[in-house]
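>>> Attaching a predicted model along with its sequence, questions to come.
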Amino acid sequence: MTTNAEHSAIANPPEKTSVRTDGFPNAVPRPEGELEELERIWAPPRGFHLISAVNNSYVGVWYVGAAMLFFVLAGILALMMRTQLAVPESGLIGHALYNQLFTMHGTLMMFLFAVPAVEAMGVYLLPNLQAARDLPFPRLSAYAFWAYFVGGLAFFCSLFFGLAPDGGWFMYPPLTSYTFSPGINADFWLLGIGFIEISAIAGAIEIIVGVLKTRAPGQSLDKLPVYSWAMLIFALMIVLAFPAIIIATVLLELERAFHWPFFVAEKGGDPLLWQHLFWFFGHPEVYIIFLPAAGMVSMIVPAMAQAPLVAYRLVVLAIIGTGFLSFGLWVHHMFTTGLPALSISFFSAASMAVSIPSGIQVFAWISTFALGTLQWKTPSYFSLGFLFIFTMGGLTGVMVAMAPFDWQAHDTYFVVAHLHYVLIGGMVFPLFAAFYYWAPTISSKPLSERLGKAAFWLMFIGVNVTFFTMHLTGLMGMPRRTYTYIAAMGWGPLNMISTVGAFMIAAGVLTFLIDLARNFRPFGASAGNPWNAGTLEWLPTGNYQTRSIPIVTSREPLWDQPNLAADVQDGRYYLPGAPTRSRETIVTSPIEARPQYVLRMPGPSWPPVLAALFTAAFFFGLTLKIYVPAFACGALAVACVIWWVWDTDPGPDVPAVDIGGGLVLPAYVTGPMSHSWWAMIVLIMVAATAFACLLFSYFFLWTVNPQLWPRESSGLPHLVWPAASAVLYLLSGAAIFATGRLLARVPRGSSALVILALLTAILLIPLPVAIEVLGQRSIGLWPSVTSYGAVVYTVAAWQGFFAAVLVLMGLYTAARSLTGRLSAERRVTFDNTQLLWCYAVAQGLISLAIVHLFPRLLG
Amino acid sequence: MENTGFIRKTVFVLGGLLIWAAHFGFVYVFNALACARGFHRLHLFGIGAVPLTVGLATAIALAGVIGVLVIALRITGPNDARGPSADFLRNLTAAVALLSLLAIGWGGLPALVVPPCG
C-alpha cells in the first residue's frame, strides 16, 4: 500500500486542497452512479457505427488483426514462390509474375505487416501498461489504422491486375525508373506506400507523446516498463528514418513522372543516391521492427520466469544504444557498390558495435530465465525460440558485416537466410509470444496451450528447415530473385527441403488461426492474469481501461504493491469517475510522471475514418493517373481533417478537476506543457529530417558531378532574387509573431487586428517560393535537363509544399478567430501554427543560403 | 518546469551517443569528399590527411565523451531533492557514455590500417 508521503512525493499539484486521511487519493465507497457514468461515457458505438470507434482497445485490436491479415497474404505469396523453386526448371510461375511475387512479399512483410504490427501492439498495449485511459490522440490512431488498412488492401489487389510492382522491395533505379519500368507497376510502390509512411509517422507521434505524457502518476523514467522504453525509441527511429524513404520516393516519382534526372547517370544523377536514402531508412527499419519485439520479450520473460528482469538499466541502455547505432549501418547493404575502403570500414565497425547492445539484451533474458522459475507455457516457448533463431541471425549478421565475406555472399540465398533468421526470429516469434501472452487481457478466454505449442513446434522446425538450408544454397552460389534454375547446378534437393519447411511454417500459422477462431473472444470481460504478471496491463479493465489511475512505486506494481488491483477497481486512486463528463485521462510530466492536467478526449468519430479513406483514394488516384478524382479525394481528405480538428482546442471551458488526493488539475493548458505542443515538435522533427535528407541529396549529387554546379555568378540568379525571398520570409515570420502578441490582448471573441496580421503572414509566405522559381527560370535553369536543375527545383517545391500547408493552417486559424474560438487563453491552435511557421521560415532561409551561396563559395 | 528541463536532461543523457553520431557523420563525409576530390593524397608530418583528420576527430570525440562521463559521475546529492529518476538518469548517462567510447574508438580504428580510397 502506498503512503501519503509517497503520494506527496509524486504529486506536484498546481493547486492543493485538503488531503484525505485514508492513505489513498479517494475514499470508498464511491458515489452511487459514478461507475455507471464512466461506463456510459466510454461505451463503444453499436452496429455499423462501431467503425467510428477510436479508443485503443478497439483500434489496437483491429490494427493487429489487419497486420496479421497482411502477414498471411504475404505468406501465401511466399508459398507460391517456394512451390515454384521446389524443383529445377519449374514452369509453374513465369518470371514476370515471380518478380511481382517477391516484390510484393517483401513489401507486404516490411511495410504492411512488420511495422504496422508492432505499432498496433503499441497502440493496444501502451495505455494498459501505463494505466492511461487511452493514448493522447485517439483519432490519430484511428486515422493511421484506416489509411493503412484500406490503402493496404488496394495495394495488394494490384497483384490481380498484373500491376503490382516488380522491382524488388527496395526498388533500385535505374531498373525502376522510366526507361526500364515504363508501366505504372513501380508507381504503385512509390505512391502506394505513401499512405503507409503517413500512417507510420502518425502512429509514431502518438506513441512518443503517449509514452512521455500519459503515464500513471509515479511511473517515472526509472520505473517505465521496458516495452514503453522500446516503443519510445522505436517511434523516434520512425521519425528519423521514414523521412529518408519519403524523400527517396518523392525523387524517384518526380524522375518517373517528369523526367527530373536524380538517378540518371548521363544527366548527372546517380543511382547510388537512391541506395543511400533507401538504406538510411531500410537498415534502421530492421531495428524499428526488432526493438518493440525485444521490448515485448522483456515484459514476457520476467512474467514467465516469475522474476524481475535482470539488468533493467543495461537493457534500457541497450535499447537506446541500438536505436542510435543502427543509423550507422546503412552502407553495409552497399559493400559491393565500389565505395571507398575506409568508408566501408566505418560501417563495418558500427555493424559490429551494434551487436553489443543486442548481446546485452540476450544475456539479460537468459539470466532472468535462469534466476526465476520458468513456466513452460506457450509464450515461454516462443520467447526461447526467438532467442535461438535471432541469435543465429545475429551471428550470420556479424559474418556479412565483414566486407570481404559480404562480397562473396552478396545477393545469394545466404543473405536471404540471414535476413529471415533476423526478422522471423527478431520479430515474428516475439509477436506470437505476445499474442499468447497478452490475449487474456482482451479476450474472455485465453488461447489454447495445446494448439499454441503445436503452432510453435511447427513454426520453429519449419523456420530452421527452410532457412538454415538456404545458407547452404547461398554458399553454393544460388542468386536471389531468380524464378528458376537448372538441375545441373545441384540446388534442387536443398530447395525442395526449404519448400517443405515453408509449408511447415504455414501449418504452424494455420494452427494459430484455428486457435484464434476457437478461443479468441475480444471486447468482453478479460480472462484475468493467468501468468501472475507484475505490470499494470493486468489490472482489471473496462473500455475505459482502469477504474481509477494508480500511483506507481515500482516497476512491477502488481508484485510490489499488495492489493493494488482491488484498490484500483474500487476507485481508491486518481480520477475514479469522469468529472468533466467526457472521456479524459491524466497528463503527466515526462521524467517524473507528476500529474499536470486532465486531458479531455474524443469519443467515437467519423472524420478520421473518412479522412483515411480519402487519403488512400488520393494516393491511388495519383497512381492510376486519374488526377481529377485524385485531387478531389485529396481535398475531401483535407476537409475531413478540418472537420476532425475543429472541436479540438476547447479552451478553459470547464473548471479545474479534483482527481483525488488533494490534486486539482486544470482541464486545459497551452504552451510546452500541452500534449499538442509536443506533437507539433515531433512533427517538426519529421520535417527537419526530411529536409536534411533533401540537402544530403543536393550535396551528394554535387559530390559525384561537381561540373554541373555553376562555377560563376553568371550561372546563378542575381542575388537580388534570394535577398527578396529572404526578406519576405522574415516579414512573414514577423507577421506571425505580431499575431501572437496581438492575440495575447484578446481575452475572448474575435479580433480584426489578429485576423489582419494573420492574413498578412498568409499572403507573404508563398511569395518567396514564387520568386525563387522565377529567379531560376530567369537564367534558363530547368529541372529536367540536369541533376543540378532537378535538385534545385525540388528544394523550391519542398518549400512550396510547406507554404501550401501554412496557408491552409493560417486560414484555419483565422477561421477560428472569426468564429470566436481563438483568444489569449484559448490559443493551442495558434501556437501550433506559429511553431510550424517559424520552422518553415528557418527552412526557407537555409534553402536559399544553400542554393544561392554554396555555389558562389565554390566559385 | 520539468518540461523545459526535459530537453536539457535528454541531451545530456544521450550526450555520448550524440557525439558518436557527430563523429561518425564527420569521418564518413570527410573520407567520401577526400576520395571524390583527391585530397586523400595530401600529407602532413608524414601522415596522410585522412588518417590524421580521422585520428584528430576521434581524439576530440573521445575527449568529449569522457567529459560527459566525468560530469555524470560527479553528480551527487540526495536523490529525493533531485527526483526519483535522478540516480537512474545519472547511471544511464554514464553507461551511454561508456558504450559510446567503445563505438567511437572502434569506429576510428580502421583509419590506422585501411587505405582511405583503396
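Thanks, I have it.
>>> Only C-alpha atoms from now on, for both contacts and neighbour counts.
Will do.
>>> near chain A, which residues of chain B show up?
B:2-4, B:6, B:17, B:21, B:24, B:28, B:31-33, B:35-36, B:83-85, B:88-89, B:92, B:95-96, B:99, B:102-103, B:106-108, B:110-111, B:114-118 (C-alpha under 8 Å from any C-alpha of the partner chain).
>>> Helices - which of the residues you listed land there?
Per DSSP state H, helices hold the following members of those: B:2-4, B:6, B:17, B:21, B:24, B:28, B:31-33, B:35-36, B:88-89, B:92, B:95-96, B:99, B:102-103, B:106-108, B:110-111.
>>> follow-up on the earlier one: would you mind checking the residues of chain B next to chain A for buried ones?
The neighbour-count test (16 or more other C-alpha atoms under 10 Å in any protein chain shown) applied to the residues of chain B next to chain A identifies B:2, B:17, B:21, B:24, B:28, B:31-33, B:35-36, B:84-85, B:88-89, B:92, B:95-96, B:99, B:103, B:106-108, B:110-111, B:114-117 as buried.
>>> what's the helix ranked longest in chain B packed up against?
Ordering each helix of chain B by length in residues (DSSP H) puts helix B:49-74 first. In terms of contact count using 3 or more C-alpha pairs under 8 Å, 6 or more residues apart in numbering or on different chains; DSSP states H and E, helix B:49-74 is assigned the packing partners helix B:15-37, helix B:86-108, helix B:110-113.
>>> which intervals of chain B have sub-threshold pLDDT?
Residues of chain B that meet the criterion pLDDT under 70 lie in B:1-4, B:77-82.
>>> which residue ranges form the strands in the stretch 451-600 of chain A?
Per DSSP state E, counting those that start in this stretch, the stretch 451-600 of chain A has strands spanning A:583-588, A:595-601. These are given in chain order.
>>> Could you single out the most deeply buried of those strands?
strand A:583-588 (a mean of 26; mean count of other C-alpha atoms under 10 Å in any protein chain shown).
>>> Let's see it as CSV, backbone CA atoms only.
As requested, C-alpha coordinates have been extracted for strand A:583-588 and formatted as CSV (Å, rounded to 0.1, in the frame of the first residue of the first chain):
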residue,chain,number,x,y,z
ARG,A,583,-13.6,10.9,-21.9
GLU,A,584,-10.4,12.0,-20.1
THR,A,585,-7.0,10.9,-18.9
ILE,A,586,-4.3,12.4,-16.7
VAL,A,587,-1.4,14.0,-18.5
THR,A,588,1.9,13.7,-16.5
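>>> Now do that strand and strand A:595-601, the angle between them.
Taking axes from the mean of the first three to the mean of the last three C-alpha atoms, to 10 degrees, one finds that strand A:583-588 is oriented at 150 degrees with respect to strand A:595-601.
>>> Other residues contacting strand A:583-588?
Contacting residues not belonging to strand A:583-588 are listed as A:41-42, A:132-134, A:212-217, A:575, A:578, A:594-603, A:675 [C-alpha atoms under 8 Å, 6 or more residues apart in numbering or on different chains].
>>> Try it again at 6 Å.
Strand A:583-588 is contacted from outside by A:133, A:213-214, A:594-601, using C-alpha atoms under 6 Å, 6 or more residues apart in numbering or on different chains.
>>> Then stretch A:200-208?
A:232, A:235.
>>> swap in stretch A:478-492?
Contacting residues not belonging to stretch A:478-492 are listed as A:87-89, A:95, A:98, A:411-413 [C-alpha under 6 Å, 6+ apart].
>>> ok, of the residues you listed, which come out buried?
Among the contacts of stretch A:478-492, the ones that count as buried by 16+ other C-alpha under 10 Å are A:87-88, A:98, A:411-413.
>>> Flag every buried residue along the longest helix of chain B.
Quick answer for helix B:49-74 (16+ other C-alpha under 10 Å): B:49-55, B:57-59, B:61-62, B:64-66, B:68-69, B:72.
>>> picking up where we left off before, can you tell me which two in the buried ones among the contacts of stretch A:478-492 are farthest apart?
Taking C-alpha to C-alpha as the measure, the buried ones among the contacts of stretch A:478-492 span a maximum distance of 20.7 Å, between A:Val87 and A:Asp411.
>>> about what we covered before: quick check: which of the strands of the stretch 451-600 of chain A is nearest to A:Leu112?
Each of the strands of the stretch 451-600 of chain A was scored for nearness to A:Leu112 using C-alpha to C-alpha, and the closest is strand A:595-601 (28.5 Å).
>>> partners of the closest one in the sheet?
Each strand paired with strand A:595-601, and its direction, by DSSP bridges: strand A:583-588 (antiparallel).
>>> Report the mean per-residue pLDDT for the strand it pairs with.
The pLDDT scores in strand A:583-588 average 96.
>>> Help me confirm that A:Met504 comes into contact with A:Asn464.
No - A:Met504 sits out of contact with A:Asn464 when judged by C-alpha atoms under 6 Å, with a separation of 10.2 Å.
>>> So between these two, which is more surrounded?
Applying other C-alpha atoms under 10 Å in any protein chain shown to A:Met504 and A:Asn464 shows that A:Met504 carries more neighbours, namely 22 against 18.
>>> Now do the contacts for that one.
Contacts for A:Met504 (C-alpha under 6 Å, 6+ apart) come out as A:458, A:462.
>>> For B:Leu44, grab the count of nearby residues.
The local packing count at B:Leu44 equals 8, with neighbours defined by other C-alpha under 10 Å.
>>> Once you drop chain neighbours, what's closest to it?
Of all residues not flanking B:Leu44 in the chain, B:Leu52 sits nearest, at 7.9 Å (C-alpha to C-alpha, 6 or more residues apart in numbering or on different chains).
>>> Tell me how far the one you found lies from B:Gly105.
The gap separating B:Leu52 from B:Gly105 is 15 Å, by C-alpha to C-alpha, to the nearest Å.
>>> Same check on A:Pro225?
From A:Pro225 to B:Gly105 the distance is 32 Å (C-alpha to C-alpha).
>>> So the two - more neighbours on which side?
Neighbour totals were compared for A:Pro225 and B:Gly105, and A:Pro225 leads with 25 against 17 (other C-alpha under 10 Å).
>>> Mind pulling up the pLDDT for the more buried one?
According to the predicted model, the pLDDT of A:Pro225 comes to 97.
>>> Could you pull up the residues touching it?
With the criterion set at C-alpha under 6 Å, 6+ apart, A:Pro225 makes contact with nothing.
>>> Equivalent analysis for the one 5 residues further on, please.
Neighbouring residues of A:Ala230 by C-alpha under 6 Å, 6+ apart: A:291-292, A:295.
>>> does it count as helix, strand or coil?
helix (DSSP: H, G, I helix; E, B strand; the rest coil).
>>> So for it, what's the pLDDT?
pLDDT for A:Ala230: 97.
>>> can you check the one 5 residues further on too?
A:Ala235 carries a pLDDT value of 96.
>>> same deal with A:Gly524?
With respect to pLDDT, A:Gly524 has a value of 80.
>>> Can you report how many residues neighbour A:Val150?
Summarising burial for A:Val150: neighbours were counted as other C-alpha under 10 Å, giving 18.
>>> and it, what pLDDT?
Looking at A:Val150, its pLDDT is 92.
>>> ok, now how distant is it from A:Thr615?
As it turns out, when the distance is counted by C-alpha to C-alpha, A:Val150 lies 10 Å from A:Thr615.
>>> cool, and A:Thr588?
Using C-alpha to C-alpha, one obtains 33 Å as the distance from A:Thr588 to A:Thr615.
>>> Once you drop chain neighbours, what's closest to A:Gly194?
On the basis of C-alpha to C-alpha, 6+ apart, the spatially nearest residue to A:Gly194 that is not a chain neighbour turns out to be A:Phe619, at 7.1 Å.
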